[in-house]
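**Student:** Following is a predicted model, sequence given first.
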Amino acid sequence: MEASHVGDTLRSFCCRLLGFSIERAAAVEHAFRTLELVMAHRASLVILGEFDLVPIAQALAAANGGTLCVRCQRLPRDFKALVTQLRGTDEVRLTVVGDGRYDTHPFLVRPAPIRIPSLKARTKELPRIIDEYGADAVAELRVRQMGPREARFTEADRAWVIDNTPRTLQEIAKATRRLVALRMSEDLPRAAEILGMAPVSLERWIGRRTLPPVLR
């Protein structure tokens, strides 16, 4: 994949996480620069927010040599020993997640931490965010194409996600993947197979919700 395409994809993902508006352009640019340093093994990745950030860290910090992800409020007991090892290698990237209180910590001035805003403040952007995750789910699951039906994400699905999904990025990503898999499949076991999860787990997820009419 060409470097320019990778850069465009990464910047687009930063916009999804941080905001599409002109007002958020500086935050997106800071995040993009930070990620460039992280990918070059010249900085650790620090992600701040008010919810579980590990799934986002996993999406951002994939590395050939691996990534160590730690929560700054709950460091592993052997972290002091890990520090020595990490300083002696460029093979493992360090990712740290924490809450917003660390946003202006003097150790985190440069490169800037990536501060993920709450979706409660991005209500107008929510349909676009959901559509992008839906497109990701279609692209991912279409490659497998284990179901007899076309992989797709509909307007009804988007409306359902808005009304029925907790407003966090990881919950939106989970819901869109599961809806696409259900649309691809003739039954629940096949959808679970596509998703790589146990049928009983998918059944429990469905049982707590009223799905769009075509999926009932």
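**Tutor:** Perfect, I can see it now. Numbering: from 1, shown residues only.

**Student:** give me every residue that touches the closest residue to E186 other than its chain neighbours.
**Tutor:** Nearest residue to E186 in three dimensions, chain neighbours excluded: P148, at 5.8 Å (Cβ to Cβ, 6 or more residues apart in numbering). (Glycine included, C-beta is placed from N, CA and C.) Residues in contact with P148 (Cβ atoms under 8 Å, 6 or more residues apart in numbering) are 184-186.

**Student:** Just the buried ones from those, in ChimeraX syntax?
**Tutor:** In ChimeraX, a selection of the buried entries from the contacts of P148 looks like this (16 or more other Cβ atoms under 10 Å):
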select :184,185
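
**Student:** and of the contacts of P148, the nearest to E193?
**Tutor:** When the contacts of P148 are ranked by distance to E193 (Cβ to Cβ), S185 comes first, at 8.1 Å.

**Student:** The closest one is in contact with L202, isn't it?
**Tutor:** No - if you go by Cβ atoms under 8 Å, S185 and L202 don't touch, sitting 10.1 Å apart.

**Student:** Can you pull out the low-pLDDT segments for this protein?
**Tutor:** Applying pLDDT under 70 to the chain flags the ranges 1-6, 61-66, 145-147, 213-216.

**Student:** Domain map for it?
**Tutor:** The chain breaks down into these domains under automatic domain parsing: 3-117, 123-215.

**Student:** Quick check: the gap between the residue nearest to E186 and L182.
**Tutor:** According to Cβ to Cβ, to the nearest Å, P148 and L182 sit 13 Å apart.

**Student:** Overlap of the contact sets of S185 and L202?
**Tutor:** By Cβ under 8 Å, 6+ apart, S185 and L202 have these common neighbours: A191.

**Student:** Centroid-nearest residue for this protein?
**Tutor:** By Cα atoms, centre = their mean, the chain has its centre lying nearest to I56, at 3.9 Å.

**Student:** Spell out the secondary structure type for that one.
**Tutor:** State at I56, reduced to three classes by DSSP: H, G, I helix; E, B strand; the rest coil: helix.

**Student:** what about it, distance to R167?
**Tutor:** Applying Cβ to Cβ, the value for I56 to R167 is 14 Å.

**Student:** Any idea how far apart the tips of stretch 44-60 sit?
**Tutor:** Terminal residues of stretch 44-60 lie 12 Å apart, using Cα to Cα, to the nearest Å.

**Student:** and what of stretch 15-23?
**Tutor:** Start and end residues of stretch 15-23 are separated by 11 Å (Cα to Cα).

**Student:** and what of stretch 86-102?
**Tutor:** From start residue to end residue, stretch 86-102 stretches across 22 Å - Cα to Cα.

**Student:** Can you give me the buried ones in that stretch?
**Tutor:** By neighbour count on 16+ other Cβ under 10 Å, the buried set for stretch 86-102 is 86, 93-98, 102.

**Student:** residues in contact with it?
**Tutor:** Outside of stretch 86-102, the residues within contact range by Cβ under 8 Å, 6+ apart are 38, 41, 44-50, 53-54, 57, 60-61, 63, 65-73, 108, 113, 115.

**Student:** redo that, cut-off 7 Å
**Tutor:** With Cβ atoms under 7 Å, 6 or more residues apart in numbering as the test, stretch 86-102 has contacts from 38, 41, 44-50, 53-54, 57, 61, 63, 65-73, 108, 113, 115.

**Student:** and those, which are buried?
**Tutor:** By neighbour count, with 16+ other Cβ under 10 Å, these hold 38, 44-49, 53, 57, 61, 67-70, 108, 113, 115 as buried.
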